[in-house]
Each structure stands twice: as C-alpha cells, then as structure tokens.
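Visitor: coordinates for the following, if possible.
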Amino acid sequence: MRSPSPFLIGLAMLFLVVALTSACSSSGQGSSRANSSMPIERVDIENLSASNAHDVIRRLRPRWLQHRGPTSLQDPTPQTAIVYVDGTRLGDLGELSRISISDIDQISYLSARDATTRFGTGHVGGVIQIRTRR
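Guide: Numbers count the residues shown, from 1 in each chain. Next up is the predicted model:
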C-alpha cells in the first residue's frame, strides 16, 4: 500500500482547520448578542437582576460602553457615546447609573453617522437612546 501524498495530507489538514473554525465561530450566540446593535427591550430588562441602565447595558451590550478612540489629531481624547432620554440630551455615560430600570421601556444605540444625522454634530462616539415607560 502506498502512503498518501503530501498534497492529500495538506488538503485534509486544511479541511479539518476550516471545519473546526466554522464550528467554533458559530457556537457563540451569547457573544454575538453582546456585540449586537439590536435594541434592548423591556422584556430583556425584566429578566435581569440589575438596578440601573448602566448595569443593563454592561450585561447585554457591553460594546456600547466602549471608548471609540481618538477622532482627530487636534482632539486625541477617546470618545464615548452620549446619553439621550426620550429625545433629550442627558449627558455622558455616567448618567446611565442614575436611570432606574423601572423607568426604561427600550435602550438602543445609534452609530456616530446615524446620531449626527438625527441630533447634529458632536456625536463621534454615537448615542445611547433610552425610551422611558412614561
């Protein structure tokens, strides 16, 4: 019996690597939700043991809280999202700790481009929008 050629061995190894990579990447549903841009709905919030909006976002969409890095050479400070409640600007991410989960109906994230279109310039880090139950 002849042994397999190096080409066939290499092809089999490549197939194995591709199969393993595909299996590993598709099994992480929890991490894809954490990276999602889908809004956080009231039903999602009710299932958490959290006390404020910051806790909810930290658990369900942690990427929304990340710094976006420097935006220009003139202003090298990292940019973060700005918080809006019912269409009114509230302030920086620190304000999320003051918003009780009992007041929240929905939380969503707008990219810098979408936030600039909706609210004007100055939203390089994006916007976290909170719609209250009132």
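
Visitor: sketch out the low-pLDDT regions of the protein for me.
Guide: Low-confidence segments of the chain (pLDDT under 70): 1-4, 8-35, 68-78.

Visitor: so which residues of it form strands?
Guide: 40-41, 82-85, 88-91, 104-110, 127-132 (DSSP state E).

Visitor: what residues does stretch 94-102 touch?
Guide: 45, 48, 50-57, 83, 85, 128, 130, 133 (CB atoms under 8 Å, 6 or more residues apart in numbering). Heads up, the C-betas are built off the backbone N, CA and C, glycines and all.

Visitor: follow-up on the earlier one: need the strands of the chain in CSV (columns: mean neighbour count and distance to residue 118).
Guide: CSV is the format used below for the strands of the chain (neighbours: other CB atoms under 10 Å; distance: least, CB to CB, whole Å):
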stretch, mean neighbour count, distance to residue 118
strand 40-41, 19, 19
strand 82-85, 22, 9
strand 88-91, 12, 11
strand 104-110, 19, 7
strand 127-132, 20, 8
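
Visitor: tabulate those strands in TSV, adding columns for distance to residue 65.
Guide: Listed next are those as TSV, based on distance: least, CB to CB, whole Å:
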stretch	distance to residue 65
strand 40-41	13
strand 82-85	11
strand 88-91	14
strand 104-110	10
strand 127-132	8
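
Visitor: out of those, which comes closest to residue 63?
Guide: Shortest distance between residue 63 and the strands of the chain, using CB to CB, is found for strand 104-110: 8.5 Å.

Visitor: that closest one vs strand 127-132, what angle?
Guide: When axes from the mean of the first three to the mean of the last three CA atoms, to 10 degrees is applied, the directions of strand 104-110 and strand 127-132 differ by 160 degrees.

Visitor: show me what strand 104-110 pairs with in its sheet, parallel or antiparallel.
Guide: Partners of strand 104-110 in the sheet, by DSSP bridges, are strand 40-41 (antiparallel), strand 127-132 (antiparallel).

Visitor: TSV for those strands, including distance to residue 101?
Guide: Formatted as TSV, those follow (distance: least, CB to CB, whole Å):
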stretch	distance to residue 101
strand 40-41	10
strand 127-132	10
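
Visitor: may I have the beta-bridge partners of the closest residue to residue 64 other than its chain neighbours?
Guide: Distances taken as CB to CB, 6 or more residues apart in numbering place residue 109 nearest to residue 64, at 4.7 Å, with adjacent residues excluded. The partner list for residue 109 in beta bridges (DSSP bridges) reads residue 128.
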